[in-house]
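*Asks:* with the input below, show me the fold.
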Amino acid sequence: MMRLSTMARIDSTIGEDGSRPVAERLLERWAYDLGSVRFFRSSANFIYRFQDHGAFRYLRFADASERSRQAIEAEMAVLESVARAGITIASPVESKHGNAIETVDTAWGRFHAVVFTALEGEQHEFDELTELGFARWGETLGRRHAATSALTNIPARPSWSDHVAFIKSYMPADSPGLQAEYAEIVAAISAVPATQKTYGLIHGDFELDNLVWNRAHMGLLDFDDCARLWFAADMAFALRDLFEEGADTSDPRFRAFAAGYRTSFPLSEEHIGYVPLFLRFAHLFSYARIARSVDLIAGAEYPEWLQRLNNKLLHRMAAYRASVEAHQVG
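*Replies:* Numbers count the residues shown, from 1 in each chain. This next block holds a predicted model:
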């Protein structure tokens, strides 16, 4: 998630009359139908939906202070490799200048922008999935790992050590419990074997909101969290909703997911056993990312929606911290 101050600065430009000056300024680099631009969401990036000669497209952009052009270039290289492997993705659309990425200086700051095609199909809610749906989900992740494990030149994406350094920078000094959790997780994961069949380029956010289903295949969205980690971590990140009450790898839905995965890529019971550890890591990483994002100035005036979001994130951090500290004491 981006810093809330960045979100506030850019989302506040959306006019009551529906004007979207930042998005429209960036879209000058691409073809688009006037009057078709609509706000979609703000999270890690700003996303707007629009049409080009009636075809739906998505504009995704980030403030230069949030994401570097080099990181996005590496992401585009990943997309190209995954597409060559026969996996359906939301493809980048070239700008009028023939570029996948455009860096634009505006009155509101510098932004890195990309436009993607819209995938045909439907998205599912977690509670809608049958065991067959979990198997298809797992099979698609397995195909994704099979494709990236074969890469010889992995683009410059964040690694395990980068994630560890990021998390450490947001560990509060006044919480021995969180400090202990960090130390335990780092020590345990550092001992996990890393081979071509267990470690490589993961998606990093393979949850249902990044999958588009149809009868023939499943399309993938949002590769901006892709990183070099253990494949078991990708499973843990994807199945966070299943594991809200703890990582029960005997759950029939998880077993269906794992069985589907194995139809595309090897998965040993040993590495299934690492999923609970990587789920702990996912929660710790999420805590650090939220800690980075909640940077609103105390006492300043902000829109009600932003104050609600800020309070929700602060509550999530406090709940996680309390649960970890209780576990460490216990």
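*Asks:* where along the stretch 201-330 of the chain do the helices fall?
*Replies:* Ranges of helices in the stretch 201-330 of the chain, per DSSP state H, counting those that start in this stretch, are 231-238, 252-262, 269-272, 275-293, 304-329.
*Asks:* contacts for the first one, please.
*Replies:* Applying CB atoms under 8 Å, 6 or more residues apart in numbering, the external contacts of helix 231-238 come out as 137-138, 141, 145, 149, 192, 197-200, 202-207, 243, 247, 257-258, 261, 265, 267, 271-272, 274-276, 278-279, 281-282. The way it works is simple: take the backbone N, C-alpha and C, and place the C-beta from them, glycine included.
*Asks:* can you tell me what sits against the helix or strand encompassing Ala74?
*Replies:* Per DSSP states H and E: Ala74 is located in helix 69-84. If you take CB under 8 Å, 6+ apart as the criterion, helix 69-84 is touched by 62, 89, 91-92, 100-101, 103, 112, 114, 144, 147-148, 151, 155-157, 201, 220, 223-224, 226.
*Asks:* can the helices of the stretch 201-330 of the chain go into TSV with extra columns for mean pLDDT and mean neighbour count?
*Replies:* As requested, the helices of the stretch 201-330 of the chain are exported to TSV (pLDDT from 0 to 100; neighbours: other CB atoms under 10 Å):
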stretch	mean pLDDT	mean neighbour count
helix 231-238	96	25
helix 252-262	96	19
helix 269-272	94	14
helix 275-293	97	20
helix 304-329	92	14
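*Asks:* between those helices, which one is nearest to Asp127?
*Replies:* Comparing the helices of the stretch 201-330 of the chain by their distance to Asp127 (CB to CB), the top pick is helix 252-262, with 10.9 Å.
*Asks:* just the C-alpha atoms of stretch 56-76, please, in PDB.
*Replies:* What follows is stretch 56-76 as a C-alpha-only set of coordinates in PDB (Å, rounded to 0.1, in the frame of the first residue of the first chain):
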ATOM      1  CA  PHE A  56     -11.800  -1.300 -21.900                       C
ATOM      2  CA  ARG A  57      -8.300  -0.600 -20.600                       C
ATOM      3  CA  TYR A  58      -6.800   0.100 -17.200                       C
ATOM      4  CA  LEU A  59      -4.400   3.000 -16.400                       C
ATOM      5  CA  ARG A  60      -2.100   2.200 -13.500                       C
ATOM      6  CA  PHE A  61       0.300   4.800 -12.200                       C
ATOM      7  CA  ALA A  62       2.500   5.400  -9.200                       C
ATOM      8  CA  ASP A  63       4.100   8.500  -7.700                       C
ATOM      9  CA  ALA A  64       7.800   8.400  -8.300                       C
ATOM     10  CA  SER A  65       8.400   8.500  -4.600                       C
ATOM     11  CA  GLU A  66       6.500   5.200  -4.200                       C
ATOM     12  CA  ARG A  67       7.900   3.100  -7.000                       C
ATOM     13  CA  SER A  68      10.900   3.400  -9.200                       C
ATOM     14  CA  ARG A  69      10.900   3.200 -13.000                       C
ATOM     15  CA  GLN A  70      13.500   0.500 -12.800                       C
ATOM     16  CA  ALA A  71      11.200  -1.700 -10.600                       C
ATOM     17  CA  ILE A  72       8.400  -1.300 -13.100                       C
ATOM     18  CA  GLU A  73      10.700  -2.100 -16.000                       C
ATOM     19  CA  ALA A  74      11.700  -5.300 -14.300                       C
ATOM     20  CA  GLU A  75       8.000  -6.100 -13.800                       C
ATOM     21  CA  MET A  76       7.300  -5.600 -17.500                       C
END
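*Asks:* quick check, distance from it to the centre of its chain.
*Replies:* 13 Å (CA atoms, centre = their mean, to the nearest Å).
*Asks:* swap in stretch 188-207?
*Replies:* That offset, for stretch 188-207, works out to 16 Å (CA atoms, centre = their mean).
*Asks:* that stretch: end-to-end distance?
*Replies:* Start to finish, the residues bounding stretch 188-207 are 25 Å apart (CA to CA, to the nearest Å).
*Asks:* give me the number of residues near the closest residue to Ala118 other than its chain neighbours?
*Replies:* Once flanking residues are discounted, Ala118 sits nearest to Phe56: 4.0 Å by CB to CB, 6 or more residues apart in numbering. Residues near Phe56, counting by other CB atoms under 10 Å, number 13.
*Asks:* do the same with Tyr32
*Replies:* 20.
*Asks:* surely Ser91 is in contact with Phe116?
*Replies:* Yes - in this structure, Ser91 is within contact of Phe116 by CB atoms under 8 Å, at 6.7 Å.
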